[in-house]
Structures are given as structure tokens and as C-alpha cells.
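J.: How does the following fold in three dimensions:
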Amino acid sequence: MKRFVFFISIVFVLLSCASSKNVTQAEIDNLKALIESKTFEIESEWAEPQATFAMTQIANAGMLPSGSSAGNINLIGNANFFKMKNDTVAAYLPYFGERQAGGSYGGTDIGIEFEGVPKDLVVSEDKENSYKISFKIKDKNTTTESYNVIVRVYPSLSSTIYVNSTQKNSIRYRGKLLKNSEEK
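T.: Okay, here's the model as predicted:
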């Protein structure tokens, strides 16, 4: 009986260890080098707006890309970027969601677009060998809208960008971290 319990315990330990993803030191070092260089780009593959009633209506009407839902929109094939070069950040991220304050006449500021030196830029190492970049910045096309942005990057080079706007519902983007296209 003791052998059986011991055998079951060993099998349980082996199975639980096998299910965890191992991060290599090379992946950690690569991420650290990219973050320290402050020269990288993120291409988002998914947008995750708040799944409000209006977004659900749009999804039910079939107005979202194939494979998308009200809270998870496929961005593959859509132009988007987040770039950091030294202390300057730039982004164009398509926006899906509800605007809470009026936009400009003609609808030219429909996405999230910014470029410049952000306020309160903080780059810090976070849990599980990841990094967190947070800052505040004004919209490129209007003086009335600003964003609080948090970017998280992981050793697998996956990323998450959280954007809180003064005029739109918050949204999250998931994608991949790349070397800056100018450096390739």
C-alpha cells in the first residue's frame, strides 16, 4: 500500500511539473535587452473592448471581422503598431467600443493615435520575468483626449497593451513584441 501511494505521488508530481511552461534564460535575456534598448515595436493581433450592449449588437449584426466577438476582435491584417524608441512612444491602434464624449466633426480621430515623449514614463521589472511600461500621453489628433497606457511584455515576447482614455471606454490589445523595424 505504501508503494502504491508513493507511486501515485510521483506520477502526480511529474504531471504537475510537465504542465508548467519553462522560460529559458535566453528568452529572459532577450526580453531584458529589448526593454533596456528602449527600441522595439508591438504588433497587436487582438483587440479586447469592453463587451457592452452596443458592442454585442454590432457583433450580432455581423459587422465584426470573421472569428471575432463583442469582446475579442481579430486584428490580423489590420494596420496597427506601438513603437518605443528611446523616450518617445508612438502608436496607432484601431478602436472598437463606445465613445463617452464628443469627437471631432468628420470622424478623423476614430482610433487611438499618439506620438511624442510621454509624461510619467515608468519602466519596471514585473512578476514572472515580465516588464511593465506605464505612461500618460495626449492624442495626436486632438488636444482634448489623453490616455493612460500600461504595456506588459513577457519573455515569450507576447504583449498586452491597456489603454484608458478620457473620452472612450477602456480597451486592451494582445500581440507580439518585435525589434523596431528600423533596426532590422
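
J.: Need the three-state assignment for the nearest residue in space to residue 170 that is not next to it in sequence.
T.: Nearest residue to residue 170, sequence neighbours excluded (C-beta to C-beta, 6 or more residues apart in numbering): residue 164, at 4.6 Å. To be clear about C-beta, it is placed using only N, CA and C from the backbone, and glycine gets the same treatment. Here residue 164 takes the strand state, with states given by DSSP: H, G, I helix; E, B strand; the rest coil.

J.: Pull the contacting residues for residue 164.
T.: 147-149, 170 (C-beta atoms under 8 Å, 6 or more residues apart in numbering).

J.: hmm, which of those residues are the buried ones?
T.: The neighbour-count criterion (16 or more other C-beta atoms under 10 Å) marks 147-149 among the contacts of residue 164 as buried.

J.: Which strand residues bridge the residue nearest to residue 170?
T.: Beta-bridge partners of residue 164, counted by DSSP bridges, are residue 148.

J.: ok, it to residue 172 distance?
T.: 10 Å (C-beta to C-beta, to the nearest Å).

J.: Am I right that residue 178 falls within a strand?
T.: Yes: using three-state DSSP, the assignment for residue 178 is a strand.

J.: bridging residues for it?
T.: residue 41.

J.: what's the neighbour count on it?
T.: Using other C-beta atoms under 10 Å, the number of residues around residue 178 comes to 17.

J.: so it touches residue 40, yeah?
T.: Yes: with contacts counted by C-beta atoms under 8 Å, residue 178 reaches residue 40, the gap being 6.6 Å.

J.: Quick check, residue 132 in contact with residue 121.
T.: No: between residue 132 and residue 121 there is no contact under C-beta under 8 Å: 11.5 Å.
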